[in-house]
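S.K.: Sequence plus predicted model, see below.
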There are 2 protein chains.
Amino acid sequence: MSLDKRKVKILKAIITSYIDNAEAVGSRTISKKYELGVSPATIRNEMSDLEDMGYLVQPHTSSGRIPTDKAYRYYVNDLWEKIKSSRHPNLAQLRKIIEEKSNELDELFKNSVRILSQFTRYTSFVVAPQLKQSVIKRIQLVPVSEHKVLMLIILQANIVKQVMLRLNSPIPFDQLEKISASLSERMYGYKMEDIDTIKDTIIKELYISKETSSDALMEILPYLMEQIAKLDDLNVYSDGITNILDLPEYNDVVKAREFISFVEDKSSFAKLLQHTGDSDLDICIGSENKHLELKDCSLITATYKLNGKLIGRIGVIGPTRMDYDNVISTVKSISDAISDIINQNYSIENKE
Amino acid sequence: MSLDKRKVKILKAIITSYIDNAEAVGSRTISKKYELGVSPATIRNEMSDLEDMGYLVQPHTSSGRIPTDKAYRYYVNDLWEKIKSSRHPNLAQLRKIIEEKSNELDELFKNSVRILSQFTRYTSFVVAPQLKQSVIKRIQLVPVSEHKVLMLIILQANIVKQVMLRLNSPIPFDQLEKISASLSERMYGYKMEDIDTIKDTIIKELYISKETSSDALMEILPYLMEQIAKLDDLNVYSDGITNILDLPEYNDVVKAREFISFVEDKSSFAKLLQHTGDSDLDICIGSENKHLELKDCSLITATYKLNGKLIGRIGVIGPTRMDYDNVISTVKSISDAISDIINQNYSIENKE
DNA sequence: GTTAGCACTCAATCAAGGAGAGTGCTAACA
DNA sequence: TGTTAGCACTCTCCTTGATTGAGTGCTAAC
């Protein structure tokens, strides 16, 4: 038995209908709503075949049928060519909205997830880039008050990270400048992930070269290094988590609670996301997910890149019965927009 | 008819029981669980009186009784003396947890709401201080790349706000220093809320004094001023919104959705909070709230202060049937902790 | 003033009985 | 040989009615 043309037509009709209504689809519905030119009886036969082939299931003997994960997978693969070249109709506008209010990376991601969840009506997320690979360009200490200094870590990609330091005893302004200079000099070119290993060496070096050091500096140096090393946490932004409350499959509070708990637990969620492939676009349907909690969910993830290198992920999580076409094109468009914005604003400028 | 001692005892027993179980309380339950030395029949008579007096209602003729808002109000007022002096048992520990990871204001508030919602199991929020009244101490421009400059606005309270600026054409390093200096000089002492009015004057002044100006500066100055004026948005942090899904009164998804939508809409929620009084501790029970959406909720808010001046609010929102004792003492303790931390870290230092 | 007793009320639960949607099978038809 | 009409069958959902149980209010006795 093979998927002939008519079977495909029927299968797609069933999937479309189920995506729209979340209700098992019967043969009469199909023959009425979708013009296939055959009677319900014929459709019934075909549906029976499709069930044997694993594309459909019946929740109970006398109900209509529901697409299986295999059906969605077929559906998505079939759409693949169309999807690969698809763009969200409002891409340009989308990009503008995201970019407009995103002076900094943090805002960029917040805006992106917000828009993504608004457009899809599902839960969206972004895994922010880890800075492990980022190269340090400069360290700048800015005096704030007698006992407070703001440390700016300026990375090659023009990302600025900051840590507020508390001093036990004041350090004069010109000292701070000197310290900034010698810290910059010593740490220039190192990656963020190296700091943990090199910090002891740097502390020692600075200690020996009395010239640029001071008691105050020596006091805070270990603390300062530790703060830098801490910066590199894995960061996940999400939005629209409560959108699932609008879906009929979650109008049981317990189920909804389970989903929300899982997604709100950023660390476990982040772990999950790291297992998605490195391809531009990854679609994980239902039981293809390794987590039992997500066996009824699909995960659409796309990557965004800086200078052609994968640095993070963005995506949507929703019921397997999701509007793949729309979600995929939106995720793709937004990930592209992010890549564009990042490359424009944070790539290592040629002149430098 | 008056609230004699026995009536009070019975009322409290009913309230306590209802807070625990969210189920209408009957006379038998009371006589069994709370040792009052009288029979259910007597309690029934008293309950009937309490209903006449407006402290109780019956959802239907043959059910137990439920406390009214008036009853909660009585209960809270009665606890008042105890509450006023109450402190959370783990206050010191609490303060430590909050403080430890809170290098910056932003983190301070995030940690506070997180802990508050974890301890109370309800929804918590903080209204961050608006900076309107904050006085500018210094402006510092930090070069990041050829086309990017980070502007730091350092306020008298040692809060640092930042805006990333994009330049169309590069500005040399020493120029930036000069600009920083002259901006600082001209803006020193002004309040954030003044900026909108004075910005045109400053732009003009700087334009006239060719000495410190440059074409590049003149180009970005309006943009820069606009960015500063934008900084002062009202900011509300919240946490534990989905905790209500665990409450029996919200196991109807539609109701839960309504609540969540209301609270997630930060702007309308912030407006609501501004109407709470200026007292240290404000308790708004059920229909005492002006918003219909919150007629079944109580709002416990406390204020936090800097140098004795009210600068923000923190609180918890939950069902009228909330554990007032615990919630109030927790809110109070955390608001105190915030005040402490803020005063320690952000008050205007004497020596300056 | 307190309490035991009893009739009464009403939500919640459960079983039984359609109604309706949908299927699978069979036999007839093109 | 594929398609279709017809029909019996299945299973969920909804309604209805009966039952249960928690709780009340009233009355009369203590």
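M.R.: Great, that's in hand. Because the structure is a prediction, the values reported are computed rather than measured.
S.K.: Determine the number of other residues adjacent to residue A:281.
M.R.: Burial of residue A:281 is recorded as 18 neighbouring residues (other Cβ atoms under 10 Å in any protein chain shown). In this view, the C-beta of every residue, glycine as well, is placed from N, C-alpha and C.
S.K.: give me the beta-bridge partners of it?
M.R.: Judged by DSSP bridges, the bridge partners of residue A:281 are residue A:302.
S.K.: Could you pull out the buried residues of stretch A:279-288?
M.R.: Residues A:280-286 are the ones in stretch A:279-288 that count as buried (16 or more other Cβ atoms under 10 Å in any protein chain shown).
S.K.: what's the distance between that stretch and the middle of its chain?
M.R.: Distance of stretch A:279-288 from its chain centroid, counting by Cα atoms, centre = their mean, to the nearest Å, is 13 Å.
S.K.: Show me what it is in contact with.
M.R.: A:69, A:72-73, A:76, A:83-84, A:276, A:294-303, A:320, A:324, A:328, A:331-332, A:335 (Cβ atoms under 8 Å, 6 or more residues apart in numbering or on different chains).
S.K.: ditto for stretch A:162-174
M.R.: Contacts to stretch A:162-174, defined as Cβ under 8 Å, 6+ apart, come from residues A:141, A:143-144, A:146-153, A:179, A:214-217, A:219-220, A:223-224, A:227-228, A:231, B:103-104, B:160, B:162, B:345.
S.K.: Could you rerun that using 7 Å?
M.R.: A:143, A:146-152, A:214, A:216-217, A:219-220, A:224, A:227-228, B:103-104 (Cβ atoms under 7 Å, 6 or more residues apart in numbering or on different chains).
S.K.: Over to stretch A:143-157?
M.R.: A:131, A:134-142, A:160-167, A:170, A:173, A:176, A:224, A:228, A:306, A:346-348, B:142, B:144, B:154, B:158, B:160, B:349, B:351-352.
S.K.: In PyMOL, how would I select just the buried ones from these?
M.R.: Of the contacts of stretch A:143-157, the buried ones can be selected in PyMOL as follows, counting by 16+ other Cβ under 10 Å:
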select buried, (chain A and resi 131+134+135+136+137+138+139+140+141+142+160+161+162+163+164+165+167+170+176+224+228+306+346) or (chain B and resi 142+144+154+158+160)
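S.K.: Inside strands: which ones of the contacts of stretch A:143-157?
M.R.: With DSSP state E as the criterion, strands contain A:136-142, A:160-166, A:306, B:142, B:144, B:154, B:160 from among the contacts of stretch A:143-157.
S.K.: how much does the longest helix belonging to chain A deviate in direction from strand B:160-166?
M.R.: Counting residues, the longest helix in chain A under DSSP state H turns out to be helix A:324-346. Interaxial angle of helix A:324-346 relative to strand B:160-166 (axes from the mean of the first three to the mean of the last three Cα atoms, to 10 degrees): 90 degrees.
S.K.: How about helix A:324-346, which residues are buried there?
M.R.: A:324-339, A:341-342, A:345-346.
S.K.: Listing request: residues of chain A with sub-threshold pLDDT.
M.R.: Confidence mapping of chain A against pLDDT under 70 gives the ranges A:1, A:209-217, A:348-352.
S.K.: List the contacts of the closest residue to DNA strand C within it.
M.R.: Per Cβ to the nearest atom of the strand, residue A:26 is where chain A lies closest to DNA strand C, at 2.7 Å. Residues counted as contacts of residue A:26 (Cβ under 7 Å, 6+ apart) are residue A:64.
S.K.: Quick check on it: phi, psi?
M.R.: The phi and psi values for residue A:26, taken as degrees, to the nearest 10, are phi -100, psi 170.
S.K.: Likewise for the one 5 residues further on?
M.R.: Geometry field for residue A:31 lists phi and psi as phi -70, psi -30, criterion degrees, to the nearest 10.
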